[in-house]
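# quick check, what structure comes out for this input:
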Amino acid sequence: MYNILKDIAVSSGMTAFGVGAVGDLSPHYDALPSDQTEGLSYGISLGVRVSASVLKSCVTGPTRHYLHHYKMLNLLLDQTALKISLAVQDKGFNALPIPASQIVDWEKQTAHLSHKMIALRAGIGWIGRNNLLVNPATGSRIRIATILTDMPLKTDTPLQRDCGGCKKCIDICPVSAIKESHKDWDKAACLDKLKYFARAHNVGQYICGLCVKVCRP
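Down below sits the predicted model:
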């Protein structure tokens, strides 16, 4: 069944697909009641590449073009997650698709769950200095989504990699929010700048794109 679900993902345009054992993460799901995720101990992680050409427009911050692309990628992820969930349900198992980009608390910058942590377990990438997922093929130029399920699936092996000596994201961050370790990322400084970009760049959403743009293999 793993290969069937992966084929659905690939045929829908996904760049990355993986499965991780995530049952122990359920207490950390910020906006999902425990009875909703009970027994859903497998996490299917999907990733789709962000266009390098679109990112070129992000010179001093986000653009309307990038905003549109960002939204369309999230829509594609959600549609693909739905297709995979329906395939899982057709086999008699439960599936819970989690929106690709739905922030529950902007001040804390938390969603229903951490897609990055699921992707980490699923072997799709590692957490970079910019506190984003870094995929070996796309860098941080990737959007991700998650499906939780109780279908027993083959699991992938987490990648034992890091950013090495690359510090491009540190150099480009306009508020020096990115540090040597992602654990020291300045969440407050980043959020303040995102709020500024939302107003000043007329995008109406908390996005940036600068550290994404420079993060590539």
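
# which residue is nearest the centroid of the protein?
Central residue of the chain (CA atoms, centre = their mean): residue 144, 3.4 Å from the mean position.

# so that residue makes contact with residue 78?
No: counting by CB atoms under 8 Å, residue 78 is not a contact partner of residue 144; they are 11.5 Å apart. (Each C-beta comes from the backbone N, C-alpha and C, glycine too.)

# residues contacting residue 164?
Not one residue lies near residue 164 by CB atoms under 8 Å, 6 or more residues apart in numbering.

# from residue 134, how far out is it?
With distances taken as CB to CB, to the nearest Å, residue 164 is found 11 Å from residue 134.

# re earlier: next, show the common contact partners of residue 144 and residue 78.
Residues touching both residue 144 and residue 78 by CB under 8 Å, 6+ apart: residue 100.

# show me where the protein has its helices.
Along the chain, the stretches classed as helices by DSSP state H are 2-11, 34-37, 52-55, 64-90, 115-121, 168-172, 187-200, 210-214.

# residue 128: which of the ones you listed is closest?
Among these, the nearest to residue 128 by CB to CB is helix 168-172 (6.8 Å).

# now that closest one: mean pLDDT?
What helix 168-172 shows for mean pLDDT is 97.

# for it, name the packing helices and strands.
The contact analysis (3 or more CB pairs under 8 Å, 6 or more residues apart in numbering; DSSP states H and E) places helix 168-172 against helix 210-214.

# which residue is most remote from the mean position of the protein?
residue 92 (27.6 Å).

# residue 157: which of the helices of the chain is closest?
Closest approach to residue 157 among the helices of the chain (CB to CB): helix 115-121, 9.6 Å.

# show me what that closest one is packed up against.
Counting contacts by 3+ CB pairs under 8 Å, 6+ apart, helix 115-121 packs against strand 16-21, strand 42-49, strand 126-127, strand 133-134, strand 142-149.

# tilt between the second one and helix 2-11?
Looking back up the chat, that one is strand 42-49. On the basis of axes from the mean of the first three to the mean of the last three CA atoms, to 10 degrees, strand 42-49 is oriented at 30 degrees to helix 2-11.

# and strand 42-49, which strands flank it?
If you go by DSSP bridges, strand 42-49 pairs up with strand 16-21 (antiparallel), strand 142-149 (antiparallel).

# with the fourth one instead?
Here strand 133-134 is paired, per DSSP bridges, with strand 126-127 (antiparallel).

# show the average pLDDT along the strand it pairs with.
96.
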